[in-house]
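Asker: next one to model:
(chains A and B)
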Amino acid sequence: MDIEKELVRHISSAFKSLFSHHVAPEDLALQPTRKEFEGNYTFVLFPFLKVTRLSPEESGRQIGAYLQQQFPLVTGFNVIKGFLNLSLDEAYWLNVFTEMVQNTRFGQLSANGERVMVEYSSPNTNKPLHLGHLRNNFLGYAVSEILKANGFDVIKANLVNDRGIHICKSMVAYRHLANGETPESGGLKGDHLAGKYYVLFDKEYKKQQDELVRGGMDKEEAKKHAPWMLEAQKMLISWEQGDPDIVALWKTMNAWVYAGFEETYRRMGVDFDKMYYESDTYLLGKDIVTEGLEKGVFFKKENGSVWVDLTAEGQDEKLVLRGDGTSVYITQDMGTADLKYADYQISRSVYVVGNEQDYHFEVLFNIMRKLGRPYGAGLYHLSYGMVDLPSGKMKSREGTVVDADDLMQEMVDTARVHTQELGKIDGFTEEEAEILYEKLGMGALKYFLLKVDPKKRMLFNPEESIEFQGNTGPFIQYTHARISAILRKADQIGLDYTAGSLQGLSAIGETEKNLIVLLHEYEKKLKIAAEEYAPSVVAQYLFDLSKEYNRFYAELPIFSETKGQLQAFRVALSMQVAKTIKIGMKLLGIHVPEKM
RNA sequence: GGUCCCGUAGUUCAAUGGAUAGAAUAGAAGUUUCCUAAACUUUAGAUACAAGUUCGAUUCUUGUCGGGACUACCA
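Answerer: Just a heads-up that it's a prediction; the model follows:
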């Protein structure tokens, strides 16, 4: 039974019976009663005073009395100002709890038959991943898992940007400076090796520009005519023509990068069902340009370039094909959108991409909808905010990027130091301890990046390391470890805390009831998280749950409790909290330890 | 210049148009004969500014100030 729906239904009939007025149940909203007041659900009376023609207090009193009489689960009410607070029977909550404990599919909503693709990560193969990518990857992974738990059929996709002028830049610098360096010979992860030459390219390129400017050349001209830039452009053309030497070098360097990425992805704990490579897709979309011209969605200018006019939608005219017939970025994005649909017949397609590309995706989606694509309505840009440093935006050329591999390692190292300082590794083998540090360090990092609303930009201060106390991953992990210890002990002494052992239980405490209410909210939060594509909803919820549990833990004894039913209930309650923490954290890609 | 996003305790984050704006951290004061003190309890501290809509505004509208992004026949 959905208690909120039932309450709303009864309130609606209260209006009919008391005031002869029809109010649709959809127009009646309940909210959880604030902590400082007595009650479970609150009905706000202000909007209905015109209907009742009574004071807020009197309106509340009458509706409350009606509910108490007509709906046995409502055991009491109070009216404060314009707020009607309703209290539900304790037996109702106990019933909710036992049903929850017996539900083997708790936290997994039934399949809804919808297939959705989530594209995330989408790295460039000319440099290693950095902090911004961490937010992207954790978000993409968590959103995918949340959608799965909501009953969607999810395909995780990664569109790798493995070609283009920026890739050629790394290759040019490599050819000039590397002396055949390999990841093995240089002792450098493949993606870091590519990144090194990308940076070296930029250094030399700047030097060359300066020289040209000293020689009297205009700054803009110098950018175009610096020897290495010319070489990179020439190399791009050679690559597109399939020049064997260039292609061989490209393959070699990319293979190094992929080996590096794989290591990084493994540590991040993310995975993909489908890889797309731009070297396969960059020519797609030209036929869509033709189609768009035929349908009158696009138009051609005198020089042969093709445009879309989005001024009616409040946007600009946008180029979709160059005058020389070559593609621009959006051309291949159109093609890839079709390709994804052809591959998987998805009804929704989510792009996890930073908000700097808001405009690009608005334009892309507008185009696909104008072209009448069946998946047009399901296109969604999960636009997340940048991760800023105290100094501002990260810039790879200025050396202010926070490297993903480095940061993950630092987090794990910090976890190690912290744990050892607390002397919490008694009884751990060295291997077990390392696994724990990994869980804690990665848990702290992931939670830090996921607890914030994805849409908002957030700040990362490298000077202050990410916390392990308070509103953090380890706090929630710690709660789970504490409960695990309780369950171990309960099993050891052979305690029965199955649903059957709770028969006849009554008179539970405030904190215990709060925990049931919170546990009951899990699936609601899960739905909201999916609707809003916001793992932060799950993260904040798990923190609230853990916080409440820790209060319970400090307040109430378990093994010295003498009433058998109450003892069993507290163990069962603990078990259910642990279970919820575990499945919820798993959606965020965070593992929880049994001991810490 | 144009378009868009954002301004909440010292700091990092919360708050479907609803009650006395919540947490965490840093600050102050406590809690361990008792299931893990990475915890718990108490305390102090914030809606940039100005109008408007509303019974009621952190939330919606407008303006001012401050921060950021986008605005290439680049990717």
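
Asker: quick check: bridge partners of A:V118?
Answerer: Bridge pairing for A:V118 (DSSP bridges) gives the partners A:K156, A:V350.

Asker: tell me the contacts of it?
Answerer: A:G140, A:V143, A:S144, A:L147, A:V154, A:I155, A:K156, A:A157, A:V350, A:V352 (CB atoms under 8 Å, 6 or more residues apart in numbering). From N, CA and C alone the C-beta is placed, and that goes for glycine too.

Asker: hang on, isn't A:P462 packed against A:V401?
Answerer: No. Assessed by CB atoms under 8 Å, A:P462 is found out of contact with A:V401, at 10.6 Å.

Asker: more neighbours: the two, which one.
Answerer: A:V401 (20 against 15; other CB atoms under 10 Å).

Asker: and that one, what element?
Answerer: Applying DSSP states H and E as the criterion places A:V401 outside every helix and strand.

Asker: next one: phi and psi at it?
Answerer: With angles defined as degrees, to the nearest 10, A:V401 sits at phi -80, psi 150.

Asker: can you check A:G39 too?
Answerer: phi 130, psi 170.

Asker: what's near enough to touch it?
Answerer: A:T33, A:G76, A:F77, A:N78, A:N85, A:L86, A:S87.

Asker: ok, it to A:V401 distance?
Answerer: In this view, A:G39 and A:V401 are 51 Å apart by CB to CB, to the nearest Å.

Asker: do the same with A:Q102
Answerer: Taken as CB to CB, the span from A:Q102 to A:V401 is 50 Å.

Asker: how about A:A578?
Answerer: Using CB to CB, A:A578 is found at 38 Å from A:V401.

Asker: coming back round to it: just the buried ones from the contacts of A:V118?
Answerer: The neighbour count (16 or more other CB atoms under 10 Å) marks A:G140, A:V143, A:S144, A:L147, A:V154, A:I155, A:K156, A:A157, A:V350, A:V352 as buried among the contacts of A:V118.

Asker: what's the domain layout of chain A?
Answerer: Taking automatic domain parsing as the reference, chain A has its domains at A:3-88, A:164-275, A:411-587.

Asker: straight-line length of the longest one, end to end?
Answerer: Here the two ends of domain A:411-587 are set 20 Å apart, with distance taken as CA to CA, to the nearest Å.

Asker: now swap in the second one and tell me
Answerer: Using CA to CA, the end-to-end distance of domain A:164-275 comes to 18 Å.

Asker: anything in that domain near RNA strand B?
Answerer: Yes. Counting by CB under 7 Å from any atom of the strand, contacts between domain A:164-275 and RNA strand B involve A:G164, A:I165, A:H166.

Asker: pipe those into JSON lines and attach pLDDT and distance to A:Q420 per row.
Answerer: Formatted as JSON lines, the residues of domain A:164-275 next to RNA strand B follow (pLDDT from 0 to 100; distance: CB to CB, whole Å):
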{"residue": "A:G164", "pLDDT": "91", "distance to A:Q420": "46"}
{"residue": "A:I165", "pLDDT": "91", "distance to A:Q420": "48"}
{"residue": "A:H166", "pLDDT": "91", "distance to A:Q420": "43"}
